[in-house]
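Trainee: Here's a sequence, model it:
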Amino acid sequence: MMEEYKKFKVAAVQASPVLPMNMKATVDKACTLIEEAGKKGAQLVVFPETLVPMYPNWSIDLQNPTEWAQN
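Mentor: Take a look at the predicted model:
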């Protein structure tokens, strides 16, 4: 028996957080982008996993990998 699948529109958003690290402004930006995608028909909107909170990769000394466990 063949199942029927319903098509729907997905928006994959490539966006950066608001810097310097500003969670409220970043969430506001994400909400605006969600609204924009919805107006264009998107039913699912996805963002980078570390948009909120951001991923400050410059804050860790990569020469010292054990530093991750200390933070």
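
Trainee: Any regions of the protein where pLDDT drops low?
Mentor: Scanning the chain for pLDDT under 70 picks out 1, 56-71.

Trainee: Tell me where it has helices.
Mentor: For the chain, the helices defined by DSSP state H cover 23-39, 67-70.

Trainee: any idea which of those is most buried?
Mentor: Using mean count of other CB atoms under 10 Å, the stretch among the helices of the chain with the largest mean neighbour count is helix 23-39, at a mean of 14. Where C-beta positions appear, they are placed from N, C-alpha and C, glycine not excepted.

Trainee: got the helices of the chain as TSV, with distance to residue 15 columns?
Mentor: Formatted as TSV, the helices of the chain follow (distance: least, CB to CB, whole Å):
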stretch	distance to residue 15
helix 23-39	6
helix 67-70	25
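
Trainee: Among the ones you listed, which comes closest to residue 12?
Mentor: Closest approach to residue 12 among these is made by helix 23-39 (9.5 Å; CB to CB).

Trainee: From the contact counts, what lies against that closest one?
Mentor: strand 42-46 (3 or more CB pairs under 8 Å, 6 or more residues apart in numbering; DSSP states H and E).

Trainee: Now the strand it packs on: buried residues?
Mentor: Across strand 42-46, burial judged by 16 or more other CB atoms under 10 Å covers 42, 45.

Trainee: relative to helix 23-39, how tilted is it?
Mentor: Per axes from the mean of the first three to the mean of the last three CA atoms, to 10 degrees, the angle that strand 42-46 makes with helix 23-39 is 150 degrees.

Trainee: so how far is strand 42-46 off the chain centroid?
Mentor: Offset of strand 42-46 from its chain centre (CA atoms, centre = their mean, to the nearest Å): 12 Å.
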